[in-house]
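Undergrad: Fold the following, please.
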Amino acid sequence: MGRIGDRGLAIATWVAILGTLGVNTVSNFFPIAGQTVADLANGPLGGVLITPANYAFSIWGVIYAGLIAYAWYQSRRKQRGQLIIRRINLCLILACVAQIGWIYLFTLQLYWLSVVAMGVILLALIAAYSELADEQPDGRRRKMVHGPISIYLAWISVATVVNVASALYGSGLKELGLSGAVWTAIMVTVANLIAVLALVQRRDIPFALVFVWADLAIVQRHTAMPTIWLPALVMVAVLGGLLVRLLVFHRYPRKSW
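TA: Numbering: from 1, shown residues only. Okay, the predicted model is just below:
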């Protein structure tokens, strides 16, 4: 891909990120079918117990700030010609297009089709994350590339579990859809194993912190249900212990965050 192609891909990445932000913002003020994602989560899908407290979704502000920082970084001449940046850009463009589709599908209550869109987002971000596996970045690249991708992927990992649960619940399969406290506790624990692996294998602190954030929001939402809040709090303790080991005792290699 030549210079013109690199520049075009860099511009397309900006358009995809800003377009997704724009569609998401507009959908909150002018919902397609009269209900926003939050309206559905707190209304018809209010029985999906694995959904965290509403404040947890403010993390999208952090995600979009990170993506905009990445967009600026990748558009610089020195960066946009790198093969790894071009590959990540393609993955992010796909993720953004799928996310725009997800917003429309979910608000139209086409829940299973929204799961398909969410799957595309997840796979695209996993591909981008994999591209960074062998890099030993300096501080700037960690903040501008690795951080935004890690945070985005971590939250989409959480969102995928919630999305599948919502689709099952919306289909009337409430017991299978994680409406039971015990089943919810199991899924919280299993989902957090992803963060444990990311922290142990990749020393990925931002990724783990996203799960801590989600866990605490689940605890806050279900203070009257110890079957749910206790496993979530245990996972916070597990991740917190690993973070302390990493940051204080320096038990992991220096390429860690």
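Undergrad: which intervals of the protein have sub-threshold pLDDT?
TA: 1-4, 174-179, 250-257 (pLDDT under 70).
Undergrad: repeat that for 50
TA: 1-2, 177-179, 252-257 (pLDDT under 50).
Undergrad: longest helix in it, by residue count?
TA: In terms of residue count, the longest helix belonging to the chain (DSSP state H) is helix 3-29.
Undergrad: list the buried ones in the helix or strand just after it?
TA: Using DSSP states H and E, the helix or strand that follows helix 3-29 in sequence is helix 37-42. Of the residues in helix 37-42, 37, 40-41 count as buried by neighbour count, 16 or more other Cβ atoms under 10 Å. Where C-beta positions appear, they are placed from N, C-alpha and C, glycine not excepted.
Undergrad: and if you look at stretch 233-243?
TA: So stretch 233-243, judged by 16+ other Cβ under 10 Å, has buried residues 233, 235-236, 238-239, 242-243.
Undergrad: same question, stretch 125-140
TA: Under the neighbour-count criterion of 16+ other Cβ under 10 Å, stretch 125-140 has 125, 127-129, 131-132 buried.
Undergrad: Just name the closest of the residues you listed to residue 229, please.
TA: Residue 229 lies nearest to residue 125 out of the buried residues of stretch 125-140, by Cβ to Cβ, at 28.5 Å.
Undergrad: Let me know the helix or strand that the closest one is in.
TA: With DSSP H and E as the criterion, residue 125 is inside helix 111-131.
Undergrad: what's that helix in contact with?
TA: Contacts to helix 111-131, defined as Cβ atoms under 8 Å, 6 or more residues apart in numbering, come from residues 84, 87-88, 91-92, 94-95, 98-99, 101-102, 105-106, 149-150, 152-153, 156-157, 159-160, 163-164, 166-167, 170-171.
Undergrad: again, but for stretch 83-94
TA: By Cβ under 8 Å, 6+ apart, the residues outside stretch 83-94 that reach it are 1, 6, 9-10, 12-13, 16-17, 67, 70, 74, 79-80, 120, 124-125, 127-128, 131-132, 135, 145, 149.
Undergrad: redo that, cut-off 7 Å
TA: 1, 6, 9-10, 12-13, 16, 74, 79, 120, 124-125, 127-128, 131 (Cβ atoms under 7 Å, 6 or more residues apart in numbering).
Undergrad: now swap in stretch 31-44 and tell me
TA: Counting by Cβ under 7 Å, 6+ apart, 27-28, 51, 54, 104, 106-108, 170 sit against stretch 31-44.
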